[in-house]
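Peer 1: Predicted model, plus sequence, below.
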Amino acid sequence: MLIRLIDVVLIILVGFVSVADIVPKSQIKLPQKDKEKEQQQEEIPIVYLGVLTEGYYIKVDEDSSYFADENFAALEMNLVNYYYNHPQSQILILPDDLSPIQNTINVIDLCQEYNIPKNLVFSDVTESQ
């Protein structure tokens, strides 16, 4: 007897749900893009700093400046001079797979010493396989 009562209640419940008005009652207003802010935002210049087994290289753009240094002192001089002339730039450190880890750590320490914004970029492990 109890099972039939539960069955009837479920049938009535399904009937009410199917008849009920299921319409969203409110709409959320999403923020609109501000075209002036988009135009005011400038692109951050990115400088690629490669750490190789024999030395370092700095590549400013795809087409422009390229410095290759074998010793750390020359790298420090070039990097600091560039950053003080272009303080809004960010350094992307690209360590080679075969380069000593200490060379990468030296570059990170150099960026921290002169408060140069940096980011470390590793190649994907699946790419090399």
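Peer 2: Cool, the structure landed. Residues are numbered from 1 along each chain as shown.
Peer 1: When you work out contacts or count neighbours from here on, use the C-alpha atoms and nothing else.
Peer 2: Will do.
Peer 1: got the residue ranges for the helices in the chain?
Peer 2: With DSSP state H as the criterion, the chain has helices at 2-19, 35-40, 72-85, 101-113.
Peer 1: any weak-confidence spans in the protein?
Peer 2: Scanning the chain for pLDDT under 70 picks out 21-25, 35-42, 61-67, 123-129.
Peer 1: Pick out the residue nearest the middle of it.
Peer 2: residue 119 (9.0 Å; Cα atoms, centre = their mean).
Peer 1: Make CSV out of the helices of the chain and add mean neighbour count.
Peer 2: Below are the helices of the chain laid out as CSV (neighbours: other Cα atoms under 10 Å):
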stretch, mean neighbour count
helix 2-19, 11
helix 35-40, 8
helix 72-85, 15
helix 101-113, 15
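Peer 1: For residue 117, grab the count of nearby residues.
Peer 2: 15 (other Cα atoms under 10 Å).
Peer 1: Any chance of the helices of the chain in JSON lines with distance to residue 95 as columns?
Peer 2: Shown next, in JSON lines, are the helices of the chain (distance: least, Cα to Cα, whole Å):
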{"stretch": "helix 2-19", "distance to residue 95": "61"}
{"stretch": "helix 35-40", "distance to residue 95": "33"}
{"stretch": "helix 72-85", "distance to residue 95": "15"}
{"stretch": "helix 101-113", "distance to residue 95": "6"}
